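Q: how would this look folded up:
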Amino acid sequence: MPIIFPVNGKHPEIGENCFIAPNATIVGDVVLGRDCSVWFNAVIRGDVNSISIGDMVNIQDGAVIHCTYQKTKTIIKNKVSIGHNAIVHGCVIEPNVLIGMGAIIMDNVHVGSNSIVAAGSVVLENTVIEPGSIYAGVPAKKVKDIDQQHINGEINRIAENYLTYSGWFSDLK
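A: Alright, predicted model coming up:
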């Protein structure tokens, strides 16, 4: 069974049709929209501040979502994919975004819609990723504007695939 419990009287709220892996952890002030998936060993820790997650968000294996006490909340909007072992901390991620495997998104980052943060990238505090761009590297820098092919072929495809994958585990929902 997943670890889902309150912290300081704040209970996680999980939307309809969500898949939460048996060893995922969701604690505290967390709101999860509908059609989301939280995969194996993922941690969403709303113990020190709030975490708001929109609809059709997938948080892949080993990812960590957290925030900073009395400073930064984490807001992840609709149709976002958080790759395996990524760290998303005290930031805002607009709709239709792909955060690559092992990427680190630091406090006060704002990721614009229709963007990709490449695998292994480190997005430093206070960075603003403009909509429709690809950022990569350590520290992450803009490498190019995104085209419709990447929006359809990567961002949308991965989000839709994870909705399908979570359906395979419907007996655990």
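
Q: The strand of greatest length in the chain pairs with which strands, and in what direction?
A: Counting by DSSP state E, the longest strand found in the chain is strand 43-53. Each strand paired with strand 43-53, and its direction, by DSSP bridges: strand 25-32 (parallel), strand 64-66 (parallel), strand 74-76 (parallel).

Q: same for the helix or strand that the first one is followed by, what does it pack against?
A: Okay, so that is strand 25-32. On the C-terminal side of strand 25-32, the closest following helix or strand by DSSP states H and E is strand 37-38. On a contact count with 3 or more C-beta pairs under 8 Å, 6 or more residues apart in numbering; DSSP states H and E, strand 37-38 meets strand 19-20, strand 58-59, helix 157-167. Bear in mind the C-beta positions are built from the backbone N, C-alpha and C, glycine included.

Q: Strand 37-38: how far from the chain's middle?
A: 9 Å (C-alpha atoms, centre = their mean, to the nearest Å).

Q: next one: stretch 61-71
A: Distance, centroid of stretch 61-71 to centroid of chain: 10 Å (C-alpha atoms, centre = their mean).

Q: what does stretch 165-173 give?
A: 19 Å.

Q: shift numbering so it begins at 722
A: That works, and once the first residue is 722, the last one we named lands at stretch 886-894.
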